[in-house]
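1. 3D model of this:
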Amino acid sequence: MPKDALLREAKKAMQKGADALINELRGIRTGHANTALVEHVKVDYYGTMTPLNQIANISVPEARMIVVKPFDQSSLGAIEKALLAADLGINPNSDGKVIRLTVPPLSEENRKHLVTKVKEVAEHTRVSIRNVRRDANKKVDQALKDKTLSEDIAHDLKDEIQNDLKSHEKDIDEIVEKKSKEIMEI
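-> Numbers count the residues shown, from 1 in each chain. Predicted structure coming up:
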């Protein structure tokens, strides 16, 4: 595998890990209403598990309220059931046309628990990008063994992979810091 392709593949895989972290953290609630809390909840819609944002309009009319208005009124019960099963810590209230989710303020204990959860998710991401580094280094070693790379180029390539890892770990730390600060705001 050419040097540039190997490096590009490793960078892309590391970036996917960071993007997955950002996406997963969107679903962790803060004290404020946010459509990201519910838009990926899967609803059993005529036998198919469908993301909520594909079968309903989701809006935030107030700072602590999320409103879910199904495109098809017959799916209201299934949506309500899916929201309860999602274990968001928010009870859905239905008036027969829309579902309202009132986001309660978080207690200090809940905030600390959520920050711990954020850090756990971030650590899983760090492990995944370190695995990407390990796999890329194995490919470099194999190319060195097969004599398709010189030792100098292999060494430089491993350094570049390590620098990419450090850069992504720094990004992860910044993401975690920002989310933790957001959660701890009162």
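
2. And the residue nearest in space to the middle of the chain, how close does it get to Glu182?
-> By Cα atoms, centre = their mean, the chain has its centre lying nearest to Glu24, at 1.8 Å. Distance, Glu24 to Glu182, using Cβ to Cβ, to the nearest Å: 15 Å. Where you see a C-beta, it was placed from the backbone N, CA and C, and this is true even at glycine.

3. and if you look at Lys145?
-> Distance from Lys145 to Glu182, by Cβ to Cβ: 47 Å.

4. Now do the SS call for Leu76.
-> Assigned by DSSP: H, G, I helix; E, B strand; the rest coil, the conformation of Leu76 is helix.

5. Neighbours of the residue lying closest to it once chain neighbours are set aside, how many?
-> Closest residue to Leu76 apart from its sequence neighbours, by Cβ to Cβ, 6 or more residues apart in numbering: Pro70 at 5.4 Å. Burial of Pro70 is recorded as 21 neighbouring residues (other Cβ atoms under 10 Å).

6. partners of Pro70 in the sheet?
-> Ala56 (DSSP bridges).

7. Where does the prediction get shaky in the chain?
-> 1, 29, 186 (pLDDT under 70).

8. mind listing the strands for it?
-> 42-45, 48-51, 56-62, 65-70, 92-94, 99-102 (DSSP state E).

9. tell me the most buried of the ones you listed?
-> strand 65-70 (a mean of 20; mean count of other Cβ atoms under 10 Å).

10. Which residues outside it are in contact with it?
-> 33-35, 37-38, 52, 55-61, 76, 79, 83, 90, 92, 97-103 (Cβ atoms under 8 Å, 6 or more residues apart in numbering).
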